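**Student:** Give me a 3D structure for the following:
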Amino acid sequence: MLNFIKQYPKSFAAALGLHLLIVFLLFFKWNLFSDAVPIRIDAGGGSSVETDLSPATQPMQTQTVDAAVIEQQMQRIRAAETARLAEKARLAEEAVLQQQRLEEAKQLAELERQKAQEEQRKAEQAKQQAEEQKRQELEAKKQAEEEKRKADEAKRLADEERKQAALAKQSAEAERERAEAEKARAAEEQRKAQEAKRLAEEQRKKELEAKKQAEAELKRAEAEKARAAEEKRKAEEAEKKRLAEEKRKRELEAEIKRKEQERLKAEQAAREAELQSQLKAEENARLEAQRSKQMSNLKLSYVSEISAVIRNNWQTPANVSETAQCDLRIQQRRDGTIISANVLNCNASATKQFRDATVNAVYRAAPLPIAPDPDVFEPEIIIKFKP
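**Tutor:** This is a model prediction of the structure:
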């Protein structure tokens with residue numbers, strides 16, 4: 001819809017103006033036909049009284065008109081007019097949606113404008129006739145017949161407009177079919193051109209293939225001649241290669257035999273070297289185990305010496321259980337200087353007095369004994385202390 005509005009802005013503006021005019025006419029005619037109608041009221045006893053619901057205009061008392069009949073006729077006229085206008089609005093909207101070319105849209109807009117002017121003129125004429133009806137009730141029937149005639153005329157115009165819309169639709173459909181036929185014709189011409197091009201290409205390929213076959217035949221004869229010469233050359237070459245191959249095989253066998261002897265010697269040397277390596281590894285492992293055992297004994301002796309020094313500096317506080325025990329964690333330097341000391345994992349019998357006395361004993365034992373071997377030294381040792 002937006003694409004259509006952008007493509008045909010004038011047509012859309014004309015259609016929008018037409019719709020606004022139709023709404024105006026509907027409102028105007030509704031007010032027009034809502035004017036007061038004189039009613040004859042039977043007062044009883046055979047007498048009747050005519051009254052006019054309009055407060056301002058007093059029509060001529062010339063003839064009694066049945067208000068119900070007039071109202072029915074007016075309702076039919078209004079219904080026909082409303083249906084006609086609704087049908088016109090629907091047809092106008094369909095025409096706007098179905099227009100595809102700018103020239104047809106302009107013509108339709110102009111036609112609708114002229115019809116709107118004609119309808120406005122008829123509306124003004126109807127208003128004048130209604131004012132005349134107020135002055136002369138005698139012409140009410142004639143006015144109703146005139147309105148009916150106008151309704152018939154409007155219906156006829158609506159039918160004509162509907163036919164014109166159908167013709168426009170048929171014309172658009174014919175134009176679409178013509179465009180499709182033109183498209184199919186162009187596609188067929190393109191296909192024929194491609195087919196002709198394909199046949200020409202096939203003919204060119206056949207000629208080229210024939211030329212290639214002739215050239216190939218000539219080349220084949222030359223190749224056959226060359227092949228015979230090549231076979232003779234290859235035979236001579238093969239004989240030379242055979243003699244050379246026999247010589248190469250003799251040399252290769254001698255080389256293989258020499259390399260085999262060298263391999264056997266290398267394997268013998270490798271076995272002897274591996275045996276020496278195993279013996280050396282076993283000796284190193286034995287020495288390492290011996291040193292490890294020595295280091296373990298030295299470390300045990302070293303830790304026992306530290307424990308003995310701490311016990312020598314132990315001062316038993318009052319009320320200490322004989323079963324009290326704590327793990328001592330001592331951080332030291334290589335010269336025996338104590339960095340820190342604290343107790344870990346004490347049993348239930350180790351009171352606070354016992355734990356404090358144990359830490360004090362460590363500090364009194366400073367400096368601790370120096371490790372007999374640098375590998376024995378541990379910057380942090382844990383001793384199970386039990387006095």
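**Student:** Report the contact partners of the closest residue to Ser301 other than its chain neighbours.
**Tutor:** Spatial nearest neighbour of Ser301, excluding adjacent residues (C-beta to C-beta, 6 or more residues apart in numbering): Pro372 at 7.6 Å. Every C-beta, even on glycine, is put in place using the N, C-alpha and C of the backbone. For Pro372, the contacting residues are 298, 301-302, by C-beta atoms under 8 Å, 6 or more residues apart in numbering.
**Student:** Report whether Pro372 is found in a helix, as I expect.
**Tutor:** No. Pro372 is assigned coil when assessed by DSSP: H, G, I helix; E, B strand; the rest coil, not a helix.
**Student:** What separation do you get for it and Glu305?
**Tutor:** 9 Å (C-beta to C-beta, to the nearest Å).
**Student:** What ranges does the stretch 201-350 of the chain have for its strands?
**Tutor:** 326-332, 338-344 (DSSP state E, counting those that start in this stretch).
**Student:** Using a markdown table, please lay out those strands together with mean neighbour count.
**Tutor:** Rendered in a markdown table, the data for these read as follows (neighbours: other C-beta atoms under 10 Å):
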| stretch | mean neighbour count |
| --- | --- |
| strand 326-332 | 19 |
| strand 338-344 | 14 |
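**Student:** Could you list the low-pLDDT ranges of the stretch 51-200 of the chain?
**Tutor:** Along the stretch 51-200 of the chain, segments meeting pLDDT under 70 span 51-65.
**Student:** Number of residues surrounding Asn284?
**Tutor:** Neighbour count for Asn284, taken as other C-beta atoms under 10 Å: 10.
**Student:** The one helix or strand Ala196 maps to to strand 338-344, inter-axis angle?
**Tutor:** Assigned by DSSP states H and E, Ala196 belongs to helix 140-312. Relative orientation of helix 140-312 versus strand 338-344 (axes from the mean of the first three to the mean of the last three C-alpha atoms, to 10 degrees): 110 degrees.
**Student:** so helix 140-312 versus strand 326-332, what angle?
**Tutor:** Going by the same axes, to 10 degrees, helix 140-312 makes 90 degrees with strand 326-332.
**Student:** Determine how far helix 140-312 lies from the middle of the whole chain.
**Tutor:** Helix 140-312 sits 29 Å away from the centroid of its parent chain (C-alpha atoms, centre = their mean, to the nearest Å).
**Student:** Who are the packing partners of it?
**Tutor:** Contact analysis of helix 140-312 by 3 or more C-beta pairs under 8 Å, 6 or more residues apart in numbering; DSSP states H and E lists helix 67-98, helix 102-135, helix 352-364, strand 380-385 as its packing neighbours.
**Student:** can I get the ones you listed in JSON lines with distance to Asp327 and mean neighbour count?
**Tutor:** Shown next, in JSON lines, are the helices and strands packed on helix 140-312 (distance: least, C-beta to C-beta, whole Å; neighbours: other C-beta atoms under 10 Å):
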{"stretch": "helix 67-98", "distance to Asp327": "99", "mean neighbour count": "16"}
{"stretch": "helix 102-135", "distance to Asp327": "105", "mean neighbour count": "15"}
{"stretch": "helix 352-364", "distance to Asp327": "10", "mean neighbour count": "17"}
{"stretch": "strand 380-385", "distance to Asp327": "6", "mean neighbour count": "15"}
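**Student:** Of all those, which one is nearest Glu237?
**Tutor:** strand 380-385 (85.2 Å; C-beta to C-beta).
**Student:** Quick check: which helices or strands does that closest one pack against?
**Tutor:** Going by 3+ C-beta pairs under 8 Å, 6+ apart, strand 380-385 lies up against helix 140-312, strand 326-332.
**Student:** Just put the ones you listed in TSV and tack on distance to Gln98.
**Tutor:** As requested, those are exported to TSV (distance: least, C-beta to C-beta, whole Å):
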stretch	distance to Gln98
helix 140-312	6
strand 326-332	101
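**Student:** so which of these is the most packed in?
**Tutor:** By mean neighbour count, with neighbours taken as mean count of other C-beta atoms under 10 Å, strand 326-332 ranks first of the helices and strands packed on strand 380-385 at a mean of 19.
**Student:** Keeping just the C-alphas, turn that one into CSV.
**Tutor:** What follows is strand 326-332, C-alpha atoms only, in CSV (Å, rounded to 0.1, in the frame of the first residue of the first chain):
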residue,chain,number,x,y,z
CYS,A,326,53.1,-32.3,72.1
ASP,A,327,54.6,-32.0,68.7
LEU,A,328,57.2,-29.2,68.6
ARG,A,329,57.7,-27.3,65.3
ILE,A,330,61.0,-25.4,65.3
GLN,A,331,62.2,-23.1,62.5
GLN,A,332,66.0,-22.5,62.6
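**Student:** and the angle for that strand with strand 380-385?
**Tutor:** Interaxial angle, strand 326-332 versus strand 380-385 (the same axes, to 10 degrees): 150 degrees.
**Student:** What strands flank strand 326-332, and is each parallel or antiparallel?
**Tutor:** strand 338-344 (antiparallel), strand 380-385 (antiparallel) (DSSP bridges).
**Student:** Compute the inter-axis angle for it and helix 352-364.
**Tutor:** 30 degrees.
**Student:** can you list the residues that contact strand 326-332?
**Tutor:** By C-beta under 8 Å, 6+ apart, strand 326-332 touches 306, 310, 338-347, 350, 354-355, 358-359, 362, 368, 379-385.
**Student:** what is the rounded mean pLDDT of that strand?
**Tutor:** Averaging pLDDT along strand 326-332 gives 94.
**Student:** now do stretch 275-295
**Tutor:** 87.
**Student:** related to what we said a few turns ago, which of the strands of the stretch 201-350 of the chain sits closest to Ala95?
**Tutor:** Of all the strands of the stretch 201-350 of the chain, strand 338-344 sits nearest to Ala95, with 102.6 Å by C-beta to C-beta.
**Student:** Alright, that wraps it up for me.
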